[in-house]
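Asker: how does the following fold in three dimensions:
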Amino acid sequence: METRTLKVVLDYEDYKKYPFLREAINDIRLFGLTLEDIGNTPLGSELLRNAREKILTVIEKGQYPIHGDDYRTEVASFLTTLILLSEIGDDALNEKFAIAFSKRIGAELSKEPIEKVLHIAINTLGWNISLDSNGDSLVYYKHYLQGVPEYTEEWKLVNRLLSKGFVRVPREKFTRLVETGIKKYVLNLIEKTRIEESKIPESLYKTVEEIAATWTNLRRELVAYARSAYSDKKEDLFPPCIRSLLSELSSGKNLPHSARFALASFLLSIGFSVDEVLEVFKVTPDFREDIARYQIEHIAGLRGSRTKYLPYKCENMRSYGLCRWKCENIRHPLQFFFRAARGRPPRVAEIQ
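Answerer: Numbering: from 1, shown residues only. Below you'll find the model as predicted:
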């Protein structure tokens, strides 16, 4: 079977369109941009803002935005989105982002010569592929299975031509295969992105909290799950610090201001309404509905500066004496909530 040799040279325009490419990421690494830069420099602030807007656009519109003019900004912003998504830690959001991103890439790849699409699949996805003289792609079956779109009968291996371990894929189908492969590749990048808690800039953490709150409020099933967990006293969905505050509240203890803020902001961030949070606090000995409602509405951003306040991160919870636990790979109470809601509650150990 005759095959064709690939001759492809990528340039900065390609890096701009395909910021996940190994070549693009390696190029950006030469600039030596650090996490500290993201948190403390004008360029870093721009990257963080771009990454935030990309994720929020995916959440609100289901689309990954069209790329900008500067390839370095596009690649660095993409890498920043991986950090943000990893810190939020919600599988459903990661899936939504990866789908939107891969569809945007798929639309770009559909305009490219087949040689360039093959180059990306070989050099970034690591697939074993060749191109035959008819323009069809010959994909090693294990790599073919990595790119098979879900829930589609025609893509099943039993319905494809297989010869010596390679699957023949026509040109018009190959881009779709690569699109799904890119989705899985991005999900893997998010999963592998791990940052030490002490190295995360405050500005980045605030962005994580803002995106997490927006995402939670749009996911009705999560809100319903949280409400059910609270009403049925099945609060394993909540991190131990929040469970402890709820327990103290129900036992008639007067919580300090920091504890009330932590609990109210957490419940509001996972979708509780002001009235539902108010109901939670009605058991406090010094409860006054007018004062409590004002304070909760202020936290919810309905009064005063109209700024919606987000829950304390774990470090702050400990500094206020509100947390005595260490939850594996968790840096924020909302992270715990997302993972527990997906059936993956983190391991918890009490700090001695």
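Asker: so where's the stretch 51-200 of the chain shaky on pLDDT?
Answerer: Residues of the stretch 51-200 of the chain meeting the criterion pLDDT under 70: 150-152, 197-198.
Asker: how about the helices in it?
Answerer: Ranges of helices in the stretch 51-200 of the chain, per DSSP state H, counting those that start in this stretch, are 71-88, 91-109, 114-123, 141-147, 171-192.
Asker: okay, buried residues for the very next helix or strand once past the longest one please.
Answerer: Going back to what we said before, that points to helix 171-192. Using DSSP states H and E, the helix or strand that follows helix 171-192 in sequence is helix 202-218. Judged by neighbour count (16 or more other Cβ atoms under 10 Å), helix 202-218 contains these buried residues: 204-205, 207-217. Using the backbone N, CA and C atoms, a C-beta is placed for each residue, glycine as well.
Asker: and for residue 132, the neighbour number?
Answerer: Burial of residue 132 is recorded as 14 neighbouring residues (other Cβ atoms under 10 Å).
Asker: quick one: it and residue 138 touch, right?
Answerer: Yes. In this structure, residue 132 sits in contact with residue 138. The criterion is Cβ atoms under 8 Å, and the distance is 5.9 Å.
Asker: adding distance to residue 43 and pLDDT, write the buried residues of helix 202-218 out as JSON lines.
Answerer: Formatted as JSON lines, these follow (distance: Cβ to Cβ, whole Å; pLDDT from 0 to 100):
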{"residue": "204", "distance to residue 43": "14", "pLDDT": "84"}
{"residue": "205", "distance to residue 43": "19", "pLDDT": "81"}
{"residue": "207", "distance to residue 43": "16", "pLDDT": "89"}
{"residue": "208", "distance to residue 43": "20", "pLDDT": "88"}
{"residue": "209", "distance to residue 43": "22", "pLDDT": "83"}
{"residue": "210", "distance to residue 43": "20", "pLDDT": "87"}
{"residue": "211", "distance to residue 43": "21", "pLDDT": "90"}
{"residue": "212", "distance to residue 43": "25", "pLDDT": "85"}
{"residue": "213", "distance to residue 43": "26", "pLDDT": "81"}
{"residue": "214", "distance to residue 43": "25", "pLDDT": "84"}
{"residue": "215", "distance to residue 43": "26", "pLDDT": "84"}
{"residue": "216", "distance to residue 43": "30", "pLDDT": "76"}
{"residue": "217", "distance to residue 43": "31", "pLDDT": "73"}
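Asker: wasn't residue 19 part of a strand?
Answerer: No. According to DSSP: H, G, I helix; E, B strand; the rest coil, residue 19 belongs to no strand; its state is coil.
Asker: coming back round to it: the helices of the stretch 51-200 of the chain: which one's closest to residue 164?
Answerer: With Cβ to Cβ as the measure, helix 141-147 is the member of the helices of the stretch 51-200 of the chain nearest residue 164 (9.8 Å).
Asker: and the closest residue to residue 97 other than its chain neighbours, what does it touch?
Answerer: The shortest distance from residue 97 to any residue that is not its chain neighbour, by Cβ to Cβ, 6 or more residues apart in numbering, is 5.1 Å, and that residue is residue 58. With contacts defined as Cβ atoms under 8 Å, 6 or more residues apart in numbering, the neighbours of residue 58 are 64, 96, 97, 100, 101.
Asker: one more time with 10 Å
Answerer: 64-65, 81, 85, 93, 96-101, 104, 215 (Cβ atoms under 10 Å, 6 or more residues apart in numbering).
Asker: and of the residues you listed, the nearest to residue 186?
Answerer: Taking these together and measuring to residue 186 by Cβ to Cβ, the closest member is residue 98, at 4.4 Å.
Asker: so the closest one versus residue 104, what's the distance?
Answerer: From residue 98 across to residue 104, the span is 11 Å (Cβ to Cβ, to the nearest Å).
Asker: try residue 189
Answerer: 16 Å.
Asker: burial measure for residue 56, as a count.
Answerer: Using other Cβ under 10 Å, residue 56 is surrounded by 16 other residues.
Asker: who's in contact with it?
Answerer: Contacts for residue 56 (Cβ under 10 Å, 6+ apart) come out as 65, 207, 210, 211, 214, 215.
Asker: what sits against the residue nearest to residue 210 when sequence neighbours are not counted?
Answerer: Leaving aside its chain neighbours, residue 210 sits nearest to residue 310 (6.7 Å; criterion: Cβ to Cβ, 6+ apart). For residue 310, the set of contacting residues under the criterion of Cβ under 10 Å, 6+ apart consists of 205-206, 208-210, 212-213, 265-266, 268-269, 299, 332-334.
Asker: same thing with residue 214?
Answerer: By Cβ under 10 Å, 6+ apart, the neighbours of residue 214 are 52, 55, 56, 59, 60, 269, 308.
Asker: understood, closing this out.
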